[in-house]
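Asker: Just need the structure, nothing else, for what follows:
(4 chains, ligands or ions: 4)
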2 protein chains.
Amino acid sequence: MLEIQGLIQVLKAEGYRVTQPRKRVLEALALAQRPVSPYDIQKMLLQEGSYLNHVTIYRILDLFCLLNLAHRVSLVGGFVKCTLGAKEGCHRFMVCRQCGVLREFADKALCEEENEIAQDLGFHTERHFSEFSGLCSNCQV
Amino acid sequence: MLEIQGLIQVLKAEGYRVTQPRKRVLEALALAQRPVSPYDIQKMLLQEGSYLNHVTIYRILDLFCLLNLAHRVSLVGGFVKCTLGAKEGCHRFMVCRQCGVLREFADKALCEEENEIAQDLGFHTERHFSEFSGLCSNCQV
DNA sequence: GGCTTAATGCAACATTGTTGCATTAACGGA
DNA sequence: TCCGTTAATGCAACAATGTTGCATTAAGCC
Ligand SMILES: [Mn+2]
Ligand SMILES: [Mn+2]
Ligand SMILES: [Zn+2]
Ligand SMILES: [Zn+2]
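Answerer: Numbering: from 1, shown residues only, chains lettered A, B, ... in the order given. Ligands and ions are numbered 1, 2, ... in the order given. Take a look at the predicted model:
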């Protein structure tokens, strides 16, 4: 699995252990194309016959967010797997208000423009996070 | 009170009643310069001797968010009073990771650039929401 | 395979959020 | 200014979500 390889890289690089629960939570995030809650993940995994305590799932998601392997998307609620390189400090999402489809993207130019805007107000930007709500190509007309 | 006048305008315009609880929640939001939870608001109001049921506060915040009188800011957690015109579809925040200071802003050019980016991916944008994390002018050494 | 210790499981708890229905008060009209 | 209508609030009971401390397990290293 390609997903898992990336996980292993990041965890090892940061000195964390590559555990079964962590692999399973990542798989669940990858499988779910939309934001899911910790309890959603627990249910998903139960379907496949594997049980994880909810506390464990919370802790794993905390770690994933710390490592930018996942994000909590506020517009919709719930967590999503980060589909872009970790540690970028730029995490952006388009969410379709109709069907709920979510797509992550990044944009360097946007970051720079935002940095300038912030600078003008005396603010030094470190992390960029944005969410667009609208309609995906399928849901238009 | 200037705040309250705006509230009255918006509520009446949309056919909602101007109630004591709604006025009190807005005052609390205005008073708190940082994001506050529904229960935070309840505590704040208790200090001043007025009790509101938490269910009421939730419903009022739901309404305020619907009318863009308030926002839920995910980076920090909790609600803030919208300091800009409602109904813009563009709500952006800078949050200082050090002191928690939060400042709302809007930027038309940013919206247009974002619209284009989304367009290129087949997505039609309706609402722009973004959060920067960094350091405010005070907290930069 | 055994040791060390990070990670997980578990229990108990705390906080946050929701629903249905009775009661209250906003507000337009008499 | 009072009254009737009905939106909004309060209340109770519940559901979902999130947290902490400690016992147990298993990942990684030799
Ligand atoms: Mn990301
Ligand atoms: Mn706003
Ligand atoms: Zn869609
Ligand atoms: Zn600051």
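Asker: Which residues of chain A lie near ligand 3?
Answerer: A:96, A:98-99, A:101, A:136, A:139 (Cβ under 5 Å from the ion). C-betas here are computed from N, CA, C, even on glycine.
Asker: what about burial for those residues, which qualify?
Answerer: In the residues of chain A next to ligand 3, burial by neighbour count holds for A:96, A:101, A:136, counting by 16 or more other Cβ atoms under 10 Å in any protein chain shown.
Asker: Closest one of these to DNA strand C?
Answerer: Nearest to DNA strand C among those: A:Cys96, at 20.8 Å, using Cβ to the nearest atom of the strand.
Asker: shouldn't the closest one be in contact with A:Leu135?
Answerer: Yes: with contacts counted by Cβ atoms under 8 Å, A:Cys96 reaches A:Leu135, the gap being 5.8 Å.
Asker: intersection of neighbour lists for the two?
Answerer: Listed as contacting both A:Cys96 and A:Leu135 by Cβ atoms under 8 Å, 6 or more residues apart in numbering or on different chains are B:Phe123.
Asker: Just the endpoints, please. Distance across stretch A:127-141?
Answerer: End-to-end span of stretch A:127-141 (Cα to Cα, to the nearest Å): 35 Å.
Asker: ok, and does it reach over to chain B?
Answerer: Yes: using Cβ under 8 Å from any Cβ of the partner chain, stretch A:127-141 reaches chain B at A:127-137, A:140.
Asker: Using CSV, lay out those together with secondary structure and pLDDT.
Answerer: Converted to CSV, those look like this (DSSP: H, G, I helix; E, B strand; the rest coil; pLDDT from 0 to 100):
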residue, secondary structure, pLDDT
A:Arg127, strand, 88
A:His128, strand, 91
A:Phe129, strand, 88
A:Ser130, strand, 90
A:Glu131, strand, 88
A:Phe132, strand, 90
A:Ser133, strand, 89
A:Gly134, strand, 92
A:Leu135, strand, 93
A:Cys136, coil, 91
A:Ser137, coil, 94
A:Gln140, coil, 93
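Asker: is the nearest residue to A:Arg103 once chain neighbours are set aside in a bridge, and if so with what?
Answerer: Computed as Cβ to Cβ, 6 or more residues apart in numbering or on different chains, the closest residue to A:Arg103 that is not its neighbour in sequence is A:Met94, at 4.9 Å. Beta bridges link A:Met94 to A:Arg103, A:Phe132, judged by DSSP bridges.
Asker: residue contacts, A:Met94?
Answerer: Residues near A:Met94 by Cβ under 8 Å, 6+ apart: A:102-103, A:105, A:131-132, A:134, A:136, B:118, B:121, B:123, B:125.
Asker: if we can go back for a sec, pick the one among the residues of chain A next to ligand 3 closest to A:Ala13.
Answerer: A:Val101 (31.4 Å; Cβ to Cβ).
Asker: What are the contacting residues of the lowest-mean-pLDDT helix or strand in chain A?
Answerer: In chain A, the helix or strand scored least confidently by mean pLDDT, DSSP states H and E is strand A:79-81, which has a mean of 84. Contacts with strand A:79-81, where a contact means Cβ under 8 Å, 6+ apart, come from A:3, A:26, A:29-30, A:34-38, A:41, A:61, A:64-65, A:69-73, A:93, A:102, A:104.
Asker: Contact partners for A:Glu114?
Answerer: Taking Cβ under 8 Å, 6+ apart, one finds A:125, A:128, B:110, B:130, B:132 in contact with A:Glu114.
Asker: The strand or helix carrying it vs ligand 4: in contact?
Answerer: Using DSSP states H and E, A:Glu114 sits within helix A:108-120. No: using Cβ under 5 Å from the ion, we find that helix A:108-120 stays clear of ligand 4, coming within 12.6 Å at best.
Asker: Would you mark the buried spots in that helix?
Answerer: Result for helix A:108-120 [16+ other Cβ under 10 Å]: buried residues A:110-111, A:113-115, A:117-118.
Asker: Same check on stretch A:34-53?
Answerer: A:35-36, A:38, A:40-42, A:44-45, A:52.
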